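[1] What shape does this take:
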Amino acid sequence: MATTIGIDIGGTFVDVVVFEEGRVGRYKFPSTPGAPARAVLSGLEKLCDSGREPLVAEDVVRIVHGSTVATNALLERKWARTALVTTEGFRDVLEIGRQNRSSLYDLDVTRSEPMVPRNLRCEVPERVASDGTILVPLDEKALEAMVASLGEESVESIAVCLLFSYLEPVHEQRIGDVLRSSLGDVPVTLSSELVPEFREYERTSTTVANAALAPRVRDYLEELHDRSRLQGIQCPWQIMQSSGTVTSVARACEQPVRLLLSGPAGGVEGAIHVGRATGIDDLIALDMGGTSCDVSLVRGGEAAYTTEGAIGGYRVAVPMVDVHTIGAGGGSIAWVDDGGSLRIGPRSAGADPGPACYGSGGTEPTVTDAHLVLGHLHPAHPLGGLPSLDITASIKAVATLARTIGLSVERTAIGVLEVADAAMEGAIRVISVERGHDPREFAIVAFGGAGPLHAASLASRLGIEQVIIPSMAGVLSAYGLLVGRMGYDFSQGIVAPLHACGERFVSEASRLVGEARKRFGDDAPQCNNISFELRCDLRYVGQAHEMSLRLLGGTENQVRDGLASLVDTAREQFHEAHHERYGYADREREIELVSLRIRATARGEDETIPRSAFLPGNQIRRFAIREAASLPSVGQTVAWFRSVHGPARVTTPVLERSSVPHESRIGGPAVLLSDDATTIVPPAWEAVKDSTGNLLLRMRQASEARILR
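    From the prediction side, this is the model:
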């Protein structure tokens with residue numbers, strides 16, 4: 001029987017979803033941050049278990065992986081020794097960057113060190129004008145001398161980014177050919193192939209980041225591929241990209257900068273599918289894992305995207321899901337700052353040693369320890385196959401904090417959760433309120449190992465009326481990897497008045513469609529049902545920033561048929577979008593085209609996806625409320641909950657989520673246990689378990705019509 005596997009690796013756990021027709025398995029294994037491949041391969045080995053259930057290696061036809069290797073290498077500055085080749089006079093673009101400062105009045109701001117030291121930034125005499133004409137031909141003798149000097153520097157990777165090469169790439173291509181023929185296996189990244197767009201600093205930074213990550217990502221992915229074959233798994237691996245689309249290992253090794261939000265993108269894809277199953281298209285995806293919390297906005301069933309991302313202070317101008325990340329996870333450590341204020345993270349206990357309750361050597365209080373102290377977690381039901389949780393160790397860890405701030409252990413634990421919730425509330429406001437969206441118009445989809453513990457309290461803080469806890473909340477990112485489509489993004493910078501570039505607009509769009517189709521032919525010939533989406537970045541002449549608009553979508557023929565009226569379509573949509581976002585549109589003002597973008601996606605005919613996990617069009621019917629106490633339970637706990645009247649101790653039933661009948665409603669308080677995540681239903685809330693196993697949480701005082709809308 002054909003088997004597909006989604007594997008998402010985080011700082012604390014490796015999440016795995018195994019799908020066969022009629023069966024979906026979900027698993028968690030402790031991660032190994034120092035050697036990430038080891039945890040992935042160890043988990044696969046345990047699942048294969050010499051050919052017995054639950055997984056037969058020979059049946060695996062597809063593995064999709066969400067990886068943090070590129071992200072961690074960038075954040076920890078563990079990239080390859082990289083050189084930069086650029087136009088004479090421009091080697092300091094990478095260091096000059098932008099004028100922007102994160103703290104305007106801080107006189108001691110320390111900027112991130114450039115990924116390439118100045119002695120490895122090489123200049124070559126050449127010059128292309130802003131219209132793409134060649135002003136100064138490439139100096140071949142200088143190029144030869146530069147290549148010889150790089151050969152003596154033992155560089156592991158090379159980035160090439162010349163001025164205006166996005167308009168005329170011939171010089172970059174020549175340099176790339178010479179470097180590849182002279183330096184053998186050293187990977188070379190050309191900006192004209194990776195991100196052919198204007199803005200010199202962002203293009204240089206992105207190209208350098210890609211080159212710096214290439215050797216590290218290549219080694220990691222090759223290790224996974226080769227060692228999994230020794231386990232009997234013969235299928236090729238696929239990798240989730242930051243844009244929410246899947247690519248081949250070969251392409252991921254060439255362009256690893258596109259993997260920086262690999263895991264979070266899988267979570268957003270999973271949240272979108274859950275939303276469709278419950279009939280809700282406006283979502284706030286909340287992924288709270290062991291080390292961090294990722295939040296993102298989904299409007300009308302479409303994720304928000306950006307090409308202005310920054311990871312660890314380094315600008316990355318490739319399409320990525322617009323995710324805001326903070327250091328608030330289950331393993332985040334609580335501490336008191338110099339001013340006596342209680343703080344959470346960003347330091348995390350991670351998987352090693354983990355929270356104090358794991359019994360693996362951790363002694364500092366974490367968010368997970370606070371939940372255990374307050375009765376929100378069941379000591380005998382830990383995640384990821386861990387031994388029973390040690391509540392005595394949690395109490396001891398939180399007590400050290402309690403003595404510092406002068407409160408009881410329980411009130412200190414409540415304070416830890418309050419601070420964590422406040423941080424996550426702020427993150428949600430960044431991706432909603434600060435971008436013109438009212439969070440009360442959205443539903444929270446809470447997932448990750450810790451997300452369902454905080455979902456209801458966060459919704460209360462923000463005035464959000466509905467929360468969705470997916471049936472596989474703890475491993476939703478791994479599930480999202482499987483439902484992601486194979487896809488590629490192409491772009492072309494132009495920067496010209498819209499009315500004057502009609503023919504070029506059409507010809508460039510047609511060329512990008514052709515490149516996308518060819519890429520599928522090279523990488524995924526089994527994908528015949530290719531869909532295209534054409535977007536363009538537009539602005540009024542004189543503006544510093546542009547808006548990205550979706551103009552066309554559909555099959556290749558449908559897109560090509562729409563190219564004839566592309567300029568008129570772009571003009572009208574831009575005026576409307578500008579008015580919607582900023583409150584005005586100047587129809588007499590000239591519009592400037594900045595970039596064209598094509599996204600091509602497809603699903604292979606042989607790819608089985610776990611649609612049975614979330615059936616579309618699910619309708620929530622009216623059910624009689626069943627108090628948690630009337631359902632089969634595994635016991636009860638005395639749990640602490642926050643309310644308008646202050647903290648309160650409440651005797652709370654503890655339920656196995658799988659034992660709760662479908663199409664029933666649970667009145668809080670209740671603690672619902674699952675293999676991959678624990679869910680809290682506070683006293684003022686109730687939960688409906690729908691026909692596909694998702695939990696829909698609402699405040700009790702909401703009207704019946706609003707509960708079941």
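
[2] Scan the helices and strands of this protein for the one with the lowest mean pLDDT.
    Every helix and strand of the chain was ranked by mean pLDDT, DSSP states H and E. The lowest is helix 704-707, at a mean of 33.

[3] Please list all residues in contact with Gln178.
    To be clear, residue 178 is Val; Gln isn't right here. Leu143, Glu144, Val147 (Cβ atoms under 8 Å, 6 or more residues apart in numbering). For glycine as for every other residue, the C-beta is placed from the backbone atoms N, C-alpha and C.

[4] Output these as CSV; include the columns neighbour count and pLDDT.
    Shown next, in CSV, are these (neighbours: other Cβ atoms under 10 Å; pLDDT from 0 to 100):
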residue, neighbour count, pLDDT
Leu143, 20, 95
Glu144, 11, 94
Val147, 19, 93
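
[5] care to break this protein down by domain?
    Domains of the chain are assigned by automatic domain parsing as 3-73+219-259, 77-217, 262-329+430-482, 341-419, 486-602, 617-707.

[6] Out of the contacts of Val178, which is nearest to Ala211?
    Distance ranking of those against Ala211, using Cβ to Cβ, places Val147 first at 15.7 Å.

[7] one step back: pick the one among the contacts of Val178 closest to Ala70.
    Closest approach between the contacts of Val178 and Ala70, by Cβ to Cβ: Val147, at 27.5 Å.

[8] Am I right that the closest one sits in a strand?
    No - residue state for Val147 (DSSP: H, G, I helix; E, B strand; the rest coil) corresponds to helix; a strand is not indicated.

[9] Next one: it relative to Glu197, how far apart?
    To Glu197, Val147 is 27 Å away according to Cβ to Cβ, to the nearest Å.

[10] repeat for Ile414
    For Ile414 relative to Glu197 (Cβ to Cβ), the value is 49 Å.

[11] Give me the contacts around stretch 428-441.
    For stretch 428-441, using Cβ under 8 Å, 6+ apart, the contacting residues are 282, 284, 286, 295-297, 299, 304, 322, 324, 442, 458, 462-465, 581.

[12] Name the SS class of Ile233, please.
    Ile233 ends up coil, using three-state DSSP.

[13] for it, what are its contacts?
    Leu44, Cys48, Ala57, Val60, Ile63.

[14] of the residues you listed, closest to Ala402?
    Nearest to Ala402 among the contacts of Ile233: Leu44, at 42.4 Å, using Cβ to Cβ.

[15] Pretty sure the closest one sits against Ser228.
    Yes - the criterion here is Cβ atoms under 8 Å, and Leu44 meets it with Ser228 at 6.2 Å.

[16] what about the longest helix in this structure?
    When the chain is parsed with DSSP state H, its longest helix is helix 200-230.

[17] can you list the weak-confidence ranges in this protein?
    The model of the chain has pLDDT under 70 over residues 1, 22, 50-54, 384-386, 604-633, 644-645, 701-709.

[18] quick one, phi psi at the residue most central in space within it?
    The residue lying closest to the centre of the chain (Cα atoms, centre = their mean) is Pro264, at 2.2 Å. For Pro264, the backbone dihedrals (degrees, to the nearest 10) come out as phi -60, psi -40.

[19] so Glu126 makes contact with Val160?
    No - in this structure Glu126 lies outside contact range of Val160 using Cβ under 8 Å: 11.2 Å.
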